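In: Provided below for reference: sequence and predicted model.
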Amino acid sequence: MLINRTGSIAIVVGSLLAGMQVPAQAVDSVSLELAQGNKTNVARIGAQWEWSSKWWQSNGTHIGGYWDLDLSQWRATRFRNMPDTTQNITEIGLTPVFRFQRDDKKGLYAEVGIGAHYLSGVYNNNGKQLSTHFQFGEHLGLGYVFADALELGLRLQHFSNGGVREPNDGVNFVVLRARYRF
């Protein structure tokens with residue numbers, strides 16, 4: 001069963017990655033994110049590369065996307081489920097993100113992403129454990145892009161190793177995000 005689940009995850013991620021172009025251009029935007037969940041605070045910086053592809057273009061909208069490379073610091077405040085103990089973890093991740101947006105890339109958008117993340121430590125906080133350094137990070141997001149290239153968004157994000165090893169309780173975050181396009 002574990003092999004089937006892991007194999008299925010690998011096929012899905014591989015298929016997603018195979019359909020995207022590797023960025024040849026320079027970074028075209030940067031982001032700052034603050035997140036909270038499970039007595040853990042996260043501060044994250046990111047760099048993004050937009051795709052030139054536009055899928056299902058119709059009525060002035062399309063599905064596009066971008067690569068999101070991030071570096072974050074997690075500060076858990078209930079390490080091993082003990083009050084007044086902390087755990088600090090550094091995380092790096094790469095996520096392909098699909099976005100439903102207007103053709104002019106302004107106004108409201110909705111997005112979804114699933115990527116690969118590496119944690120510097122094994123997360124164990126407030127009764128939730130992730131038993132591996134490697135994690136999948138999925139998110140759903142909504143936001144608004146202003147005329148001056150500033151974007152503000154809200155994401156719900158989940159980290160899990162996909163059942164590769166137990167315990168795998170998963171961790172959820174609510175994320176506030178600001179992004180600036182060059």
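Out: Here it is on my side, so go on. Numbers count the residues shown, from 1 in each chain.
In: let me see the ranges of the helices in this structure.
Out: 2-18 (DSSP state H).
In: quick one: low-confidence parts of it?
Out: For the chain, the stretches flagged by pLDDT under 70 are 1-25.
In: switch the cut-off to 50
Out: Where the chain drops to pLDDT under 50, the residues are 1-12, 15-20, 22-23.
In: do you have the strands of it handy? List them.
Out: With DSSP state E, the ranges of strands along the chain come out as 29-37, 40-50, 55-58, 61-76, 87-102, 107-119, 124-125, 128-129, 134-145, 150-160, 171-181.
In: could I get those as CSV with mean neighbour count?
Out: C-betas here are computed from N, CA, C, even on glycine. Shown next, in CSV, are the strands of the chain (neighbours: other CB atoms under 10 Å):
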stretch, mean neighbour count
strand 29-37, 16
strand 40-50, 18
strand 55-58, 10
strand 61-76, 19
strand 87-102, 17
strand 107-119, 17
strand 124-125, 22
strand 128-129, 19
strand 134-145, 18
strand 150-160, 17
strand 171-181, 17
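In: which residue comes closest to E166 once chain neighbours are left out?
Out: Distance criterion CB to CB, 6 or more residues apart in numbering; nearest residue to E166, sequence neighbours excluded, is S131 at 6.2 Å.
In: repeat for T95
Out: That would be G115: by CB to CB, 6+ apart, it lies 2.7 Å from T95.
In: ok, Y123 to Q129 distance?
Out: Using CB to CB, to the nearest Å, we find Y123 at a distance of 7 Å from Q129.
In: just to revisit the earlier point, hang on, the residue nearest to T95 packs against F136?
Out: Yes - look at G115 against F136 with CB atoms under 8 Å: they come within range, at 7.2 Å.
In: would you mind giving both backbone torsions of V122?
Out: For V122, the backbone dihedrals are phi -90, psi 120 (criterion: degrees, to the nearest 10).
In: okay, now it: neighbour count?
Out: Counted with other CB atoms under 10 Å, residues neighbouring V122 total 13.
In: ok, it - contacts?
Out: Q129, L130, S131, T132, H133 (CB atoms under 8 Å, 6 or more residues apart in numbering).
In: need the buried ones from those residues selected in PyMOL.
Out: Only the buried entries of the contacts of V122 go into this PyMOL selection, using 16 or more other CB atoms under 10 Å:
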select buried, resi 129+130+132
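In: so can I have TSV of the contacts of V122 showing distance to D84?
Out: What follows is the contacts of V122, written out as TSV (distance: CB to CB, whole Å):
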residue	distance to D84
Q129	19
L130	22
S131	24
T132	27
H133	26
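In: pick the one among the contacts of V122 closest to I45.
Out: H133 (20.2 Å; CB to CB).
In: put the alpha carbons of stretch 34-46 into PDB.
Out: What follows is stretch 34-46 as a C-alpha-only set of coordinates in PDB (Å, rounded to 0.1, in the frame of the first residue of the first chain):
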ATOM      1  CA  LEU A  34       3.900  35.400   7.300                       C
ATOM      2  CA  ALA A  35       2.100  32.300   8.400                       C
ATOM      3  CA  GLN A  36       0.700  30.800  11.600                       C
ATOM      4  CA  GLY A  37      -0.600  27.400  12.600                       C
ATOM      5  CA  ASN A  38      -0.300  24.700  15.200                       C
ATOM      6  CA  LYS A  39       1.500  27.100  17.600                       C
ATOM      7  CA  THR A  40       4.100  27.700  14.900                       C
ATOM      8  CA  ASN A  41       5.000  31.100  13.300                       C
ATOM      9  CA  VAL A  42       6.600  31.200   9.800                       C
ATOM     10  CA  ALA A  43       8.400  34.000   8.000                       C
ATOM     11  CA  ARG A  44       9.100  33.300   4.400                       C
ATOM     12  CA  ILE A  45      10.800  35.100   1.400                       C
ATOM     13  CA  GLY A  46      10.400  34.000  -2.100                       C
END
